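> Provide a 3D model corresponding to the input given below.
(2 chains)
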Amino acid sequence: MDVAMVMRSGDRLWFEEIVLSLARPATKFANVLVHDFDLAEEIVQEAFARMWASPNTPSTEVEFRRYLYRTITNLANDHYRKSARRSTSGSPVPVVVNPLELAEARASDEAMKDALSILGLRERQAIYLRYFEDQSFAETARIMGARQVTVRVMVHRALGKLRRHLSTSSMSDQVAI
Amino acid sequence: METRTELEERLSAYAREYDREFPATAGVERRIIARIALAPSPSVRAPRRPWAWGGLAGGLTRELAVVTILVLLAGVLVVGATKLRSLQPRSVSPPVTATPPAGNPPDWTGLHFVSANVGWIAETKTNSGTTGPGPTFLYKTTDGGRTWQQQLTWDGAGPYQVRFSADGVQGLVLGQGGVPLFMTADGGAHWQRMALPPQATQVWLQYFLDAREGWIVSYLNEANPGIAGVFHTSDGGQTWTQTARLDVSQDFGNGQAGGSLQGYLVFSDSSTGWLTTFASGGTGITPVQPFPYVTHDGGKTWAVQTFAPPAGVVLNSSTAIFRPPVFFNESYGVELVIQQSVPVGGAAPALGATYAYTTTDGGNHWSAPQAVVVPAGNFAPDFVMIDSSTWLLFGGAKVERTTDGGRHWKVLGGALPANSSVVQDDFQDVNHGWVALIVFAAQPTLELYQTTDGGAHWTALTVPALGGQPAEG
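So this is what the prediction gives:
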């Protein structure tokens, strides 16, 4: 077995362990960004495939995770850009029937689910990392490739949006009742 | 109104519920590992990997550059294409980047000649970091590669396919995921951007048989997830017809629930096509059948296309990798299968023998497997197949050729630069062809060569400059 083959085998074992470790959190993360489980899975597959192929893929799991999440975010961005471009290019875009939002749909806090959907992609990313994964601001900033102060401002504004939206919906409910 | 602390606690509670209710992702992990198993490793092309194998580690810039370029060219799937910058042809425009950054040269795709003089190539600016590639420039030559004129520009990655009619009049540029899709009816003087069918929300497979007829397979925007549609066009994307509605999990599940649209789509004629999926394989994964799916009715229905195993060889997703079939016309094609060994004890599989199946009737019948000799020094090579029996293999300056479908190889004289790697090829017949390659240096360069004697001798052509600078030979 030549060197290349040995390295390929070693790489693959190492990579498979990483996949088993990170595929689930990565899919949850992607699903929060795109609200579509099929698309989330395809994005996560694509992200892992790119990292497998890239010579710049970090070796440690911590760095790998940051790089993976950035790749997923970029792919989600691509998806939204493509969708936006289609919607402005004259092609009629059908009303999105979100097939699941899976866990989101099953979560009982419907108001929170609705509120999260109003956030922008970057805000959703920051909120997810901070509150769904309990990441520190420093780590959230590293994953997002942003300065810590930027992330703090982003989270602050996102929380403000959530609070206003939740407050409004709560008042609407009261009126309805 | 809630306080910030109350809101944060509520968010955390919602997050815990989200985590608890999130469905199992074992299938996702299985499919990722399967896809990795089929993808070439960077170490195959560059026998050093900076993050592993400390003793062997080291970062040679040129190897990294090769991988970067090849990875970008390998069909990396997501389209960054968004904004059309110009629909009108233009022969000269200001350069976007006069000098690409060192070690990060532009990406070449879509090399396609319809005659000795008339051809096209696309050049994509590659960005560093995790930003997507782009913009892409499409150039045309009418004097055999002496000069190039920019015809089209868009943001995003290079084309997945560039198709032109034999006379070079009808043409089509197709991006990954169907975006962008441009059509021309005057040799590229004017381009019209075409739309995808609105139901096709997530296009994962695309293939155009020629400049007019093509298919896309896309998830549908339905309440029931995992449903895909097959869409067909015969007018370059002006109109689309949905020909099938498929349950991906069942129809492409390789015998198990949990299929995926990850793979390759190829058609040999208007009726017959193949979908080579990334079957599951890898450590701790239950093997499934590795075979491609075939349609004989233009994509309406799909069935597994089985192949006879080589003597003494078991074909399953852990022991065999089926490449997308290559068709040279409606009748003749080749299907390559790479055998993997699966060591006992959980070690990773290693690549073994390569086998070729051939067809002379458009894939209705396939030959018995023929062992392919892989010339020494090559690991899982990508053969350039000109017809069923004549293939080329490029390795730096060395060009090797077989005329008997891989049984015997001959090293040609060759005149390609040492320390280079071919990234695009296009052959009109066994003698006439073009290759685009990257030459590794501190400042990697892209070069374009032509052969008229089947690869024995090569002539350098002028390279278009990124951003539309006219190039003179």
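> Tell me the spacing between the closest residue to B:Phe383 other than its chain neighbours and chain A.
Excluding its sequence neighbours, the residue lying closest to B:Phe383 (C-beta to C-beta, 6 or more residues apart in numbering or on different chains) is B:Trp391, at 4.4 Å. For the C-beta atoms, the positions are set from N, CA and C on the backbone; glycine is no exception. To chain A, B:Trp391 is 21 Å away according to C-beta to the nearest C-beta, to the nearest Å.
> Now for B:Trp391: which residues touch it?
B:383-385, B:401-402, B:405-406 (C-beta atoms under 8 Å, 6 or more residues apart in numbering or on different chains).
> Relative to chain A, how far out is the residue nearest to B:Gly188 when sequence neighbours are not counted?
Excluding its sequence neighbours, the residue lying closest to B:Gly188 (C-beta to C-beta, 6+ apart) is B:Gln151, at 4.5 Å. To chain A, B:Gln151 is 20 Å away according to C-beta to the nearest C-beta.
> for B:Pro198, same thing?
Counting by C-beta to the nearest C-beta, the gap from B:Pro198 to chain A is 5 Å.
> Where does that residue fall, secondary structure wise?
Using DSSP states H and E, B:Pro198 maps to neither a helix nor a strand.
> sorry, back to before: tell me which two of the contacts of B:Trp391 sit farthest apart.
Pairwise distances across the contacts of B:Trp391 (C-beta to C-beta) peak at 13.4 Å, for the pair B:Val384 and B:Gly405.
> Could you list the low-pLDDT ranges of chain A?
A:1-12, A:55-56, A:59-61, A:82-108, A:169-177 (pLDDT under 70).
> got any ranges where the stretch 301-450 of chain B has weak pLDDT?
B:341-351, B:377-381, B:414.
> Do a quick rundown of the strands in it.
Applying DSSP state E, counting those that start in this stretch to the stretch 301-450 of chain B gives strands spanning B:303-304, B:320-322, B:326-327, B:333-341, B:350-359, B:370-372, B:384-385, B:391-395, B:398-402, B:410-412, B:420-427, B:433-439, B:445-451.
> Show me what the first one is packed against.
Packing contacts for strand B:303-304, counted by 3 or more C-beta pairs under 8 Å, 6 or more residues apart in numbering or on different chains; DSSP states H and E, involve strand B:293-295.
> Neighbouring strands of the strand it packs on in the sheet, and parallel or not?
strand B:273-277 (antiparallel), strand B:303-304 (antiparallel) (DSSP bridges).
> Just put the ones you listed in JSON lines and tack on distance to B:Gly352 and mean neighbour count.
Putting the strands paired with strand B:293-295 into JSON lines (distance: least, C-beta to C-beta, whole Å; neighbours: other C-beta atoms under 10 Å in any protein chain shown) gives the following:
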{"stretch": "strand B:273-277", "distance to B:Gly352": "19", "mean neighbour count": "25"}
{"stretch": "strand B:303-304", "distance to B:Gly352": "23", "mean neighbour count": "12"}
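> do you know which of those lies nearest B:Pro159?
strand B:273-277 (20.0 Å).
> The closest one: how far from the chain's middle?
13 Å (C-alpha atoms, centre = their mean, to the nearest Å).
> do stretch B:248-267 as well
18 Å.
> and that stretch, average pLDDT?
The pLDDT scores in stretch B:248-267 average 78.
> ok, now stretch B:189-203?
Mean predicted confidence for stretch B:189-203 is 90.
> ok, back up a step: just put the strands of the stretch 301-450 of chain B in a markdown table and tack on distance to A:Met51.
Compiled in a markdown table, the strands of the stretch 301-450 of chain B are given as follows (distance: least, C-beta to C-beta, whole Å):
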| stretch | distance to A:Met51 |
| --- | --- |
| strand B:303-304 | 31 |
| strand B:320-322 | 20 |
| strand B:326-327 | 28 |
| strand B:333-341 | 22 |
| strand B:350-359 | 21 |
| strand B:370-372 | 30 |
| strand B:384-385 | 28 |
| strand B:391-395 | 26 |
| strand B:398-402 | 31 |
| strand B:410-412 | 36 |
| strand B:420-427 | 21 |
| strand B:433-439 | 22 |
| strand B:445-451 | 25 |
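> which stretch among the ones you listed comes nearest A:Glu46?
Going by C-beta to C-beta, the one of the strands of the stretch 301-450 of chain B nearest A:Glu46 is strand B:320-322, 19.0 Å.
> For that closest one, name the packing helices and strands.
strand B:333-341.
> Please point out which parts of the strand it packs on sit buried.
Across strand B:333-341, burial judged by 16 or more other C-beta atoms under 10 Å in any protein chain shown covers B:333-340.
> what does stretch B:2-21 give?
For stretch B:2-21, by 16+ other C-beta under 10 Å, it's B:7-8, B:10-11, B:14-15, B:17-18.
> Now do stretch B:115-134, average pLDDT.
77.
> measure it end to end?
One end of stretch B:115-134 to the other measures 28 Å (C-alpha to C-alpha, to the nearest Å).
> how near is B:Asp155 to B:Ser268?
According to C-beta to C-beta, to the nearest Å, B:Asp155 stands 33 Å off from B:Ser268.
> These two: which is more packed in?
B:Ser268 (22 against 19; other C-beta atoms under 10 Å in any protein chain shown).
> Let me see the contact set for that one.
So, once contact is read as C-beta under 8 Å, 6+ apart, B:Ser268 ends up touching B:274, B:325, B:327, B:330, B:333, B:362-363.
> Compute the distance between it and chain A, please.
Distance from B:Ser268 to chain A, by C-beta to the nearest C-beta: 27 Å.
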